[in-house]
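Asker: next input, structure requested:
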Amino acid sequence: MSPVAPDQQDRSATDPLAANLRPVEAGLIDTAADVEEAADSGRALIRDLDYAGYLHLQRLLSAQEPLTDHHDELLFIVIHQATELWLKLVVHEMRSAQEHLRADEIGPALKRLARVKHVLRQLIDQWAVLATLTPSEYAEFRGKLGRSSGFQSVQYRELEFLLGNKNKAMIAVFDHDQAAADRLRATLAEPSLYDDFLDLLARRGYDVPDRVLQRDRTAPHTLDDGVTAVFGRIYGAPESQWDVYETCEELVDLEDSFQTWRFRHLKTVERIIGFKPGTGGSSGVPFLRRALDLTFFPELYAVRADIGN
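Answerer: Predicted coordinates for the structure are as follows:
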């Protein structure tokens with residue numbers, strides 16, 4: 001193996017890319033061509049986008065600004081910021097799934113929904129990390145949070161609207177943020193994921209009632225026996241209509257995952273603050289418990305009582 005040439009040694013001592021030439025000193029590079037390739041790679045990193053630049057890590061990792069000196073406040077901030085990042089991805093995937101359903105492309109829509117389920121699994125598991133925060137530890141900085149609350153998450157509310165839990169009154173929470181309020185008003189007026197699926201079924205020739213297809217879509221969907229009958233037909237002969245049958249089950253999986261996330265939220269809050277009111281003014285645990293009774297796709301559960309009868 002050839003030694004390092006003197007001119008290369010001199011250059012490595014002064015060149016800011018010297019770190020890229022250290023493999024030569026260690027005997028890991030054979031030729032002058034290898035040396036030049038390593039140097040070119042380092043120069044490319046200076047000219048081009050690198051890992052930290054692509055991910056904007058300086059901005060991302062400087063966004064955690066605790067209000068106290070308490071050790072555990074950073075955990076609280078990171079958990080909630082990570083949740084918002086995951087919610088951004090979920091909303092992105094949900095909207096893409098809806099676009100595919102509107103184009104009668106069930107396969108790609110199912111791919112998006114499968115990804116949403118995996119993200120929800122991450123969010124569910126994340127509660128276990130926050131649950132390491134004890135009541136006494138949280139009490140050390142909770143008073144500094146004021147009225148800030150996850151109740152004020154615009155992305156969470158947008159996701160609820162996309163899933164079909166529409167409530168115009170909830171937009172008032174964002175009266176202080178015009179952009180957020182406008183975003184939610186637009187989402188409120190759009191079809192939900194379930195609306196798009198029912199529209200697809202109607203285009204496929206299923207007897208989805210006109211009263212459902214033409215309803216006010218700013219309001220939440222309510223149980224309709226005609227829709228339950230449509231799902232009875234699908235579940236009665238899944239082999240002949242597998243793609244829509246699979247979509248039905250994917251939606252049930254999605255609701256189950258979302259409700260599990262809600263339940264873990266409830267139990268984590270109960271564990272840390274008991275039955276105290278929430279910082280945002282909600283009743284806390286009782287409010288979260290009522291949310292568990294909300295169903296996005298009621299007919300997909302109602303039909304199960306009829307299967308086999």
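Asker: use CA for all of it now, contacts and neighbours both
Answerer: Noted.
Asker: tell me the domain boundaries of the protein?
Answerer: Split into domains by automatic domain parsing, the chain comes to 6-48, 68-305.
Asker: check the ones you listed for me and report the most buried one.
Answerer: Stretch with highest mean neighbour count among the domains of the chain: domain 68-305 (a mean of 17; mean count of other CA atoms under 10 Å).
Asker: between the domains of the chain, which gets nearest to residue 58?
Answerer: Nearest to residue 58 among those is domain 68-305 (15.2 Å), distances taken as CA to CA.
Asker: save the domains of the chain as TSV, and put in distance to residue 57 and mean pLDDT too.
Answerer: Shown next, in TSV, are the domains of the chain (distance: least, CA to CA, whole Å; pLDDT from 0 to 100):
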stretch	distance to residue 57	mean pLDDT
domain 6-48	16	57
domain 68-305	14	95
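Asker: which one, of these, ends up nearest to residue 61?
Answerer: Nearest to residue 61, of all those, is domain 68-305, at 9.8 Å by CA to CA.
Asker: how long is that closest one end to end?
Answerer: End-to-end distance for domain 68-305: 53 Å, by CA to CA, to the nearest Å.
Asker: show me where the stretch 101-250 of the chain has helices.
Answerer: Taking DSSP state H, counting those that start in this stretch as the criterion, the stretch 101-250 of the chain contains helices spanning 106-130, 135-142, 154-163, 178-189, 193-203, 210-213, 225-236, 242-273.
Asker: JSON lines for those, including distance to residue 305?
Answerer: Output for the helices of the stretch 101-250 of the chain, formatted as JSON lines (distance: least, CA to CA, whole Å):
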{"stretch": "helix 106-130", "distance to residue 305": "25"}
{"stretch": "helix 135-142", "distance to residue 305": "42"}
{"stretch": "helix 154-163", "distance to residue 305": "23"}
{"stretch": "helix 178-189", "distance to residue 305": "31"}
{"stretch": "helix 193-203", "distance to residue 305": "20"}
{"stretch": "helix 210-213", "distance to residue 305": "21"}
{"stretch": "helix 225-236", "distance to residue 305": "10"}
{"stretch": "helix 242-273", "distance to residue 305": "15"}
